[in-house]
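[1] What follows is a protein structure lacking sequence information:
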């Protein structure tokens, strides 16, 4: 929200999060281009002028939602995982925490995070830079496992994207009312990811 | 295209595939709702009337593109893999063939396959039914591995979605001009997926 000349409300404010959530749902259903500020104002019970008090433009709103999503990722996944010295435990922490964020957080906001085409180039760069930090953090964790001879012979760039694919596909199929709880699913994904990446000798040593 | 009253050209015709490809790219860039038939006509060098000769409506076009994508999946991935009796070899075939389709095929068409919100309920159901057949085929393969005691203790529903996530994320990050070739990446994903799913005793027996 740094680019906005108008007062931005802090993301911890419920009203802002409510606006972000509803707007993300409308963007997701109708598409970013097809959504007007009037559509969003109506959904959040504000006049168009009232909405413009908070948000300067539709693009600013999209950027604010993405920054909010990145902040959640940083606070709830990256920062606590960074404190874990052992790379295997760190990898498990990343998968569990990110899995929880993806199943318990807002689905529309999560999916919207990939729709960076709607952003101005400058804003797009900022979001991509933040995503890059996360990518490097995960790949660095795998590289550390490699140095300790705990990793299978896999390319860590492909492996990082494989982990992201498994995780980021989750909001597209997970049903909160389904037979499998989010905890069950996250535990399974943790087993599959670590099984696919950690080498057998390490597992044998553990057994 | 069964619902169209106008003559539909066969998907093997280059002109149709050209229209599908360009339309998918425009839908992907602008969003389905924000794209008009005029936008598509202009992109494929047809008058609007000319485009309407082939396609009855924008929704029909979206449905036709998705059917085309499902046909490619069925012909290039499912049918040849179904002929493989051994479930481990079949799983490897699915990952390799689908990986190749995702990296060598048209990116916009692949990504569009998830945008089923644009379809009429009847068409949506048809596409979802075809996707379901694929899902059941992959999960059935994992269940067979389980029966042969070759699978880790993993839930095969979650494991199937994990494989889909790894694969379907691919067109979002794969760069044809990048350092890793599609063959390299597909081989790595094969290692990660089978490593994460096949159990250690099986691997030990193989070594």
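    Looks like it arrived, so ask away. A quick note: this is a predicted structure, and the numbers were derived from the prediction, not measured.
[2] just how off-centre is the longest helix seen in chain A within its chain?
    Secondary structure assigned by DSSP state H gives helix A:121-147 as the longest helix of chain A. Taking CA atoms, centre = their mean, to the nearest Å, one finds the center of helix A:121-147 at 12 Å from the center of the full chain.
[3] Buried residues, it. List them.
    A:123, A:126-127, A:130-131, A:134-135, A:137-139, A:141-146 (16 or more other CB atoms under 10 Å in any protein chain shown). C-beta here means a position set from N, CA and C on the backbone, and glycine is covered the same way.
[4] Check which element follows that helix along the chain.
    As assigned by DSSP states H and E, the chain's next helix or strand after helix A:121-147 is helix A:156-173.
[5] now the helix or strand following that following helix against helix B:156-173, angle please.
    Counting by DSSP H and E, the next helix or strand C-terminal to helix A:156-173 is helix A:182-197. On the basis of axes from the mean of the first three to the mean of the last three CA atoms, to 10 degrees, helix A:182-197 is oriented at 70 degrees to helix B:156-173.
[6] so where is chain A shaky, pLDDT-wise?
    Within chain A, the segments meeting pLDDT under 70 span A:1-13, A:199-207.
[7] try it again with 50
    A:1-9, A:201-202, A:205, A:207 (pLDDT under 50).
[8] one step back: pick the one among the buried residues of helix A:121-147 closest to chain B.
    Nearest to chain B among those, counting by CB to the nearest CB, is residue A:135 at 9.5 Å.
[9] does the closest one really touch residue A:160, like I thought?
    Yes. Assessed by CB atoms under 8 Å, residue A:135 is found in contact with residue A:160 at 6.1 Å.
[10] ok, stretch A:136-144 near chain B or not?
    No. Contact of stretch A:136-144 with chain B (CB under 8 Å from any CB of the partner chain) is absent, the minimum separation being 10.9 Å.
[11] who's in contact with that stretch?
    A:78, A:81-82, A:87, A:90-91, A:94, A:151, A:156-157, A:159-160, A:163-164, A:197 (CB atoms under 8 Å, 6 or more residues apart in numbering or on different chains).
[12] can you tell me which of the residues you listed are up against chain B?
    A:157, A:159, A:164, A:197.
[13] Residue B:101: which of the residues you listed is nearest?
    Of all those, residue B:101 sits closest to residue A:164, with 20.2 Å by CB to CB.
[14] what's the burial count for the closest one?
    Residue A:164: 20 surrounding residues under other CB atoms under 10 Å in any protein chain shown.
[15] Pull the contacting residues for it.
    Taking CB under 8 Å, 6+ apart, we find residue A:164 in contact with A:135, A:138, B:169.
[16] ok, so of those, who is nearest residue B:42?
    Once CB to CB is applied, the member of the contacts of residue A:164 that ends up nearest residue B:42 is residue B:169, at 32.0 Å.
[17] Tell me the spacing between the residue lying closest to the closest one once chain neighbours are set aside and residue B:97.
    Nearest residue to residue B:169, sequence neighbours excluded (CB to CB, 6 or more residues apart in numbering or on different chains): residue A:165, at 3.0 Å. To residue B:97, residue A:165 is 17 Å away according to CB to CB, to the nearest Å.
[18] which of the residues in stretch A:76-85 are buried?
    Of the residues in stretch A:76-85, those buried under the neighbour-count criterion (16+ other CB under 10 Å) are A:76, A:77, A:78, A:81.
[19] ok, so of the residues you listed, who is nearest residue B:24?
    Distance to residue B:24 across those (CB to CB) is lowest for residue A:77, with 33.0 Å.
[20] re the thing from before, my read: the residue nearest to residue B:169 touches residue B:163, true?
    No. Applying CB under 8 Å as the test, residue A:165 and residue B:163 come out as separate, 9.3 Å apart.
[21] of these two, who's got more company?
    residue B:163 (29 against 22).
[22] Test my guess that the more buried one contacts residue B:193.
    Yes. Here residue B:163 lies in contact with residue B:193, judged by CB under 8 Å, at a distance of 5.5 Å.
[23] Between those two, which contacts overlap?
    residue B:95.
[24] With secondary structure as extra columns, can I get the buried residues of stretch A:76-85 in CSV?
    Compiled in CSV, the buried residues of stretch A:76-85 are given as follows (DSSP: H, G, I helix; E, B strand; the rest coil):
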residue, secondary structure
A:76, helix
A:77, helix
A:78, helix
A:81, helix
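[25] Could I get the buried residue list for stretch A:20-37?
    A:20-28, A:30-35, A:37.
[26] Would you point out the most distant pair within those residues?
    The distance between the two most remote of the buried residues of stretch A:20-37 (CB to CB) is 20.2 Å, for A:21 and A:33.
[27] Run a quick neighbour tally on the closest residue to residue A:173 other than its chain neighbours.
    In space, and not counting its chain neighbours, residue A:173 is closest to residue B:161: 5.3 Å by CB to CB, 6+ apart. Using other CB under 10 Å, residue B:161 has 25 other residues around it.
[28] surely residue B:161 meets residue A:171?
    No. The pair residue B:161 / residue A:171 is not scored as a contact, 11.3 Å apart, by CB under 8 Å.
[29] Residue A:184 and residue A:40: what is the separation?
    36 Å.
[30] higher neighbour count, the two?
    More crowded of residue A:184 and residue A:40, by other CB under 10 Å: residue A:40, with 21 against 13.
[31] which ones are touching that one?
    Contacts of residue A:40 (CB under 8 Å, 6+ apart): A:19, A:22, A:23, A:26, A:51, A:58, A:61.
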